[in-house]
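Undergrad: structure for the following, please:
(one chain, ligands or ions: 2)
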Amino acid sequence: MTETEVIKISPEHFTEREKAELRRAGRILREGGLVAFPTETVYGLGGDALNPCSSRKIYAAKGRPSDNPLIVHIAEIADLGKIVSEIPGAALKLADAFWPGPLTMILPKSDLVPRETTGGLDTVAVRMPSHPVALALIREGGGYVAAPSANTSGKPSPTCAAFVAEDMDGRIDMIIDGDMPGIGLESTIVDLTVDPPQILRPGYITREMLERVLGEVSVDETILHSATECARAPKAPGMKYRHYAPAGELSIVRGESGKVAEYINLRVSKDRAEGEKVGVIGTEETLSCYRADVVKSVGSRRDEETIARRLYAILREFDDEQVTRIYSESFSEEGLGQAIMNRLLKAAGHHVIDLDTMGGEENDSNRK
Ligand code: TXA
Ligand code: MG
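TA: Residues are numbered from 1 along each chain as shown. Ligands and ions are numbered 1, 2, ... in the order given. This is a model prediction of the structure:
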């Protein structure tokens, strides 16, 4: 057990005390320790990316398989050249358009980056976050901070410091509590080692936004389909693991809104008669239609950003309520909706009930 210290830093304007705390946090990283910190997407679990021992510690703290590579976070564009062996023009264009921000690029790694950090790969994932606390910590910590999301493997990424503490207390040296991330879903990952560039994980930076800068961009087909449907594993090693799965069995119901509510209510009554505790994930617009043990709104359909921001918290809340079955509405797969549906489908193990095309039959093929 490690004693985990929690410090609070306000992201607006650092006081002298906060600057001193950030220097201390940076020293912990440089000495091989682990510090969790806020970013604009989710909280990260940071260690020195150039120190193989730090990367091993990160895997141990998360309980994460060590073939799942880490993202290296930088604070200066000039530092990119030291950790990658070549910088294609596309990378500079993307950095110019979206950094600092929620975009991760896959590039060929330089010898400076240990294989412990890249899960044995010759490529490295790099991102420059925009959160002021993250940037300050990276600078104080030596410039290269490896940081996966700060959850234990299999749980939803943490969107507040309390969720980090739930998973990491006693396993890491420090947690910096610095505000709620504004986005709530992990960064978009784009692989620049292939032509055309390919999105391996959808996020706030959408395909449309990337195409405006680069021209054609492809999408890893496993993003919205299960591995069984695609007959191959996702290209980002981490995307193949069952993620974010709540303890209750989650099903996504697709179809016209009124029919979805009617169907879910029917299933809820049936499940409750069988002794299940049932939860429903609805939206501001539909919340009043549902009758279940626990009904929660994930956000408003008029503003998808509210849904992205709350999705992971709601999955953790259903665990706290110990519901055994969960039904969720489905969302559009356009724009930010693609990232929302990607995470929701993974949480549901791709269990979808499609009321339009399947006449209410369940797509159960992927249920393990
Ligand atoms: O928003 C984010 O990206 C957050 C914050 C903390 O920055 N970080 C994050 O890291 O989500 P993590 O480790 O939870 O997810 C990293 C993903 C994994 O799916 C991993 O397999 C993939 O990136 N990845 C990392 N390096 C890669 C590489 N060289 N090639 C392909 N995929 C890679
Ligand atoms: Mg993660």
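
Undergrad: buried sites along stretch 212-230?
TA: For stretch 212-230, a neighbour-count test (16 or more other C-beta atoms under 10 Å) marks Leu214, Val217, Asp220, Thr222, Ile223, Leu224, Ser226 as buried. (Glycine included, C-beta is placed from N, CA and C.)

Undergrad: now do stretch 190-201
TA: Buried, per 16+ other C-beta under 10 Å, within stretch 190-201: Val190, Asp191, Leu192, Pro197, Gln198, Ile199, Leu200, Arg201.

Undergrad: ok, back up a step: closest one to Glu186 out of the buried residues of stretch 212-230, please.
TA: Ranked by distance to Glu186 (C-beta to C-beta), the buried residues of stretch 212-230 are led by Ile223 at 12.8 Å.

Undergrad: so who does the closest one touch?
TA: Contacts for Ile223 (C-beta atoms under 8 Å, 6 or more residues apart in numbering) come out as Ile199, Leu200, Arg201, Pro202, Pro234, Met239, Gln338, Asn342.

Undergrad: which residues are contacting stretch 163-179?
TA: Counting by C-beta under 8 Å, 6+ apart, 1-11, 25, 28, 33-38, 43, 45, 60-61, 131, 133, 137, 150-152, 155-156, 158, 161, 312-313, 316 sit against stretch 163-179.

Undergrad: now, those residues that are in strands?
TA: Among the contacts of stretch 163-179, DSSP state E puts Glu5, Val6, Ile7, Lys8, Val35, Ala36, Phe37, Leu45 in strands.

Undergrad: check the secondary structure at whatever residue of the stretch 101-250 of the chain ends up closest to ligand 1 for me.
TA: Relative to ligand 1, the nearest point of the stretch 101-250 of the chain is Gly238 (2.4 Å; C-beta to the nearest ligand atom). State at Gly238, reduced to three classes by DSSP: H, G, I helix; E, B strand; the rest coil: helix.

Undergrad: quick check: the gap between it and Lys346.
TA: 11 Å (C-beta to C-beta, to the nearest Å).

Undergrad: just Lys8 next, same as before
TA: Lys8 sits 32 Å away from Lys346, going by C-beta to C-beta.

Undergrad: tell me, how many residues neighbour the residue nearest to Gly335 when sequence neighbours are not counted?
TA: Nearest non-adjacent residue to Gly335, counting by C-beta to C-beta, 6 or more residues apart in numbering: Thr206, 5.0 Å away. Using other C-beta atoms under 10 Å, Thr206 has 19 neighbouring residues.

Undergrad: with the one 3 residues further on instead?
TA: Here the neighbour count serves as a burial measure; for Met209 (other C-beta under 10 Å) it reads 17.

Undergrad: so what's it up against?
TA: Contacts for Met209 (C-beta under 8 Å, 6+ apart) come out as Ala97, Phe98.

Undergrad: so it lies in a helix, does it not?
TA: Yes - assigned with three-state DSSP, Met209 falls within a helix.

Undergrad: gap between it and Ile252?
TA: 26 Å.

Undergrad: which stretches in the stretch 251-368 of the chain count as helices?
TA: Shown for the stretch 251-368 of the chain, the helices assigned by DSSP state H, counting those that start in this stretch span residues 257-273, 304-320, 336-347.

Undergrad: now do the same end-to-end measure for stretch 97-105.
TA: 13 Å (C-alpha to C-alpha, to the nearest Å).

Undergrad: can you give me the offset of it from its chain's centre?
TA: 15 Å (C-alpha atoms, centre = their mean, to the nearest Å).

Undergrad: once you drop chain neighbours, what's closest to the residue of the stretch 101-250 of the chain closest to ligand 1?
TA: Asn68 is the one closest to Gly238 (C-beta to C-beta, 6+ apart), at 4.6 Å.

Undergrad: count of neighbours near Ala347?
TA: 24.

Undergrad: what residues are up against it?
TA: If you count contacts by C-beta under 8 Å, 6+ apart, then Ala347 has Pro156, His243, Tyr244, Ala245, Pro246, Leu250, Leu315 around it.

Undergrad: likewise Arg254?
TA: Per C-beta under 8 Å, 6+ apart, neighbours of Arg254: Val260, Ser330, Val352, Ile353, Asp354, Leu355, Asp356.

Undergrad: how about the first one, what does it touch?
TA: Contact analysis of Val260 by C-beta under 8 Å, 6+ apart lists Val253, Arg254, Thr286, Glu329, Ser330, Leu355.

Undergrad: give me the pLDDT for the residue nearest the centre of the chain.
TA: With distances taken as C-alpha atoms, centre = their mean, Glu186 lies nearest the centre of the chain, 3.2 Å away. On pLDDT, Glu186 comes in at 97.

Undergrad: how close does it get to Arg24?
TA: Distance from Glu186 to Arg24, by C-beta to C-beta: 27 Å.

Undergrad: likewise Ile281?
TA: The value you get for Ile281 to Arg24, if C-beta to C-beta is used, is 40 Å.

Undergrad: show me where the stretch 1-150 of the chain has helices.
TA: 16-30, 52-62, 80-83, 89-98, 132-140.

Undergrad: what helices or strands is the longest one leaning on?
TA: With contacts defined as 3 or more C-beta pairs under 8 Å, 6 or more residues apart in numbering; DSSP states H and E, the packing partners of helix 16-30 are strand 35-37, strand 44-48, helix 132-140, strand 174-177.

Undergrad: now do the contacts for Ile77.
TA: By C-beta under 8 Å, 6+ apart, the neighbours of Ile77 are Ala95, Trp99, Met128.
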